[in-house]
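A.B. asks: Build the 3D model from these lines:
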Amino acid sequence: MKKFIFFLIALSIFFQSWGQKLIDYDYPVKPGSKEWKMFKSTQERVDACQIPENILKEIDTRSLLQVCLKYPLLSSYTASNSPYEGIKNIIGIFNGLTEFIKRPDGQDILFEYYKNKDINTIINVPDKGSYTFDICALELLLSQKQLIERFDKQKRFEVLKTIMKKYEDKAKYADYFGFYGKMTTSFVGNKYKESLEDARIENDAKKKLFVEKMLIADFDLIDKIIGELQNYMTIKK
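C.D. replies: The predicted structure follows:
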């Protein structure tokens, strides 16, 4: 009996170790490579970046997040008029993020990663533009309804508190994050604020357009929403 128990423990450790190695999964074709340049369409690039199903089924959620954040087409969300819709489109066509969003522990692992991200390290990053877009991508992933709904209210408040703390850090590097960084804070922050309050009808058409679709009809609205978020956090302290 003891030998059988030891066997099960050893087997468990083996599979855990094997699963952790999957974090080293790398996309076989990358931007800038000879093969990438030979692609004739975006669809060909999308197809080339899909994660093999056998890996997708076995990879643990933490490792899956790392693989998703290295997705060669992740930054393409910035080409959309609505970054939020851009991220949603990527989730829909990239099997890695489609799977990640479904994982029952995905929201916790994503938040943990975001919370531990030190924005001050931007000083030492060579490509600061890519770094800022990566931070914004994390926030847009956190804004997905499926993930927000899996947090209880206490956790949602913790997420919002973290978002506003990250905004303070972003503000120190406004030259790098610019308007885009402020826009994602206002959008995702408002999503969590709304999830903590009773549902209400938004009568301001321009604001409704932004808080629902992340489409801007009034640039001044961004600062107004951030002010509302800061006031909300002050009241709730």
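A.B. asks: So which residues of this protein form strands?
C.D. replies: In the chain, no segments count as strands under DSSP state E.
A.B. asks: quick one, longest helix in it?
C.D. replies: Assignment by DSSP state H gives helix 174-196 as the longest helix of the chain.
A.B. asks: Show me what that helix is packed up against.
C.D. replies: helix 83-93, helix 128-142, helix 145-148, helix 153-172, helix 205-213, helix 220-236 (3 or more CB pairs under 8 Å, 6 or more residues apart in numbering; DSSP states H and E). Backbone N, C-alpha and C define where each C-beta goes, glycine included.
A.B. asks: quick one: buried residues of the last one?
C.D. replies: Taking 16 or more other CB atoms under 10 Å as the neighbour-count basis, helix 220-236 is seen to contain the buried residues 221-222, 225-226, 229, 232-233.
A.B. asks: Give me the distance between the longest helix of the chain and the centre of its chain.
C.D. replies: 13 Å (CA atoms, centre = their mean, to the nearest Å).
A.B. asks: Ok, stretch 191-206 next?
C.D. replies: That offset, for stretch 191-206, works out to 22 Å (CA atoms, centre = their mean).
A.B. asks: ditto for stretch 81-88
C.D. replies: 12 Å.
A.B. asks: now swap in stretch 51-63 and tell me
C.D. replies: 18 Å.
A.B. asks: what's the span of that stretch from first residue to last?
C.D. replies: This stretch, stretch 51-63, spans 13 Å end to end (CA to CA, to the nearest Å).
A.B. asks: Make residue 1 into 181 and carry on from there
C.D. replies: All right, first residue 181 from here; so that's stretch 231-243.
A.B. asks: For that stretch, which residues meet the burial criterion?
C.D. replies: Those buried within stretch 231-243 under the rule 16+ other CB under 10 Å are 231, 236, 239-240, 242-243.
A.B. asks: Mind checking which of those land in helices?
C.D. replies: Reading helices off the buried residues of stretch 231-243 with DSSP H, I get 236, 242-243.
A.B. asks: Lys341 against Met413, yeah?
C.D. replies: Yes: if you go by CB atoms under 8 Å, Lys341 and Met413 touch, sitting 6.7 Å apart.
A.B. asks: which residues touch the nearest residue in space to Thr258 that is not next to it in sequence?
C.D. replies: Closest residue to Thr258 in three dimensions, ignoring its sequence neighbours and counting by CB to CB, 6 or more residues apart in numbering: Phe313, at 5.9 Å. Going by CB atoms under 8 Å, 6 or more residues apart in numbering, Phe313 touches 255, 258, 360.
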